[in-house]
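K.L.:
Provided below are the primary sequence and the corresponding predicted coordinates.
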Amino acid sequence: MGRGEPERVRVRESSEADPERILLFDGVCNLCNAAVGFILERDRRRRFRFASLQSEAGRRLLERHDLDADELSSLVLVEEGRAHVKSAGALRLARGLGLPWSLLYVFILLPRPLRDALYSLVARNRYRWFGRREACMMPTPERLERFLE
């Protein structure tokens, strides 16, 4: 999402299998927090777990996939041992939610530079358009098990 992000992000297969899909998100971004709430409400199969980019768990996952937290402001979806960022991460996330949201995955057919340009436009303006929090959100007790410590 940020200006300093590389166009293509190098990823590395995990040495251990990731048993689930983990979404790393900007914990102080109102848009990102709203997206997490949206996913929690629609992820009936409980496929996704979450961690903020600012958390220790989030930083460890970024490091494991050779991603620099200081240069990254994109959501990161860790799935099947690989990290997916920008539009690819968002579209894979939609696909994982099932119908009707999985239908959005058809946009993967658009050229990546076009998809990522639109993603980056929203990312650059997310604080201005949606605001930001002083601190990362705290999940409710009912949702706590969905978040990495």
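P.N.:
Great, that's in hand.
K.L.:
All the strands of this structure, in order from the start?
P.N.:
21-25, 48-52, 76-79, 82-85 (DSSP state E).
K.L.:
contacting residues around F130?
P.N.:
Residues near F130 by C-beta atoms under 8 Å, 6 or more residues apart in numbering: C29, N30, L31, A34. In short, each C-beta sits where N, CA and C put it, glycine included.
K.L.:
Between the residues you listed, identify the one with the most neighbours.
P.N.:
Most neighbours among these, by other C-beta atoms under 10 Å: C29, with 25 neighbours.
K.L.:
now that residue, which residues is it bridged with?
P.N.:
With DSSP bridges as the criterion, C29 is bridged to R132.
K.L.:
isn't it right next to R128, touching?
P.N.:
No: if you go by C-beta atoms under 8 Å, C29 and R128 don't touch, sitting 11.2 Å apart.
K.L.:
Now stretch 115-134 - C-alpha only, PDB.
P.N.:
Extracted C-alpha coordinates of stretch 115-134, given in PDB (Å, rounded to 0.1, in the frame of the first residue of the first chain):
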ATOM      1  CA  ARG A 115      -5.000  -4.100 -10.200                       C
ATOM      2  CA  ASP A 116      -2.100  -3.000  -8.000                       C
ATOM      3  CA  ALA A 117      -2.400   0.600  -9.200                       C
ATOM      4  CA  LEU A 118      -6.000   0.800  -8.000                       C
ATOM      5  CA  TYR A 119      -5.100  -1.000  -4.800                       C
ATOM      6  CA  SER A 120      -2.300   1.500  -4.200                       C
ATOM      7  CA  LEU A 121      -4.600   4.500  -4.800                       C
ATOM      8  CA  VAL A 122      -6.800   3.400  -2.000                       C
ATOM      9  CA  ALA A 123      -3.900   2.400   0.200                       C
ATOM     10  CA  ARG A 124      -2.200   5.800  -0.200                       C
ATOM     11  CA  ASN A 125      -5.300   7.600   0.800                       C
ATOM     12  CA  ARG A 126      -6.800   5.300   3.400                       C
ATOM     13  CA  TYR A 127      -5.900   7.400   6.500                       C
ATOM     14  CA  ARG A 128      -7.200  10.600   4.800                       C
ATOM     15  CA  TRP A 129     -10.500   8.900   3.600                       C
ATOM     16  CA  PHE A 130     -11.200   6.600   6.500                       C
ATOM     17  CA  GLY A 131      -9.100   7.900   9.400                       C
ATOM     18  CA  ARG A 132      -6.700   6.100  11.800                       C
ATOM     19  CA  ARG A 133      -6.700   5.000  15.400                       C
ATOM     20  CA  GLU A 134      -4.100   5.800  18.100                       C
END
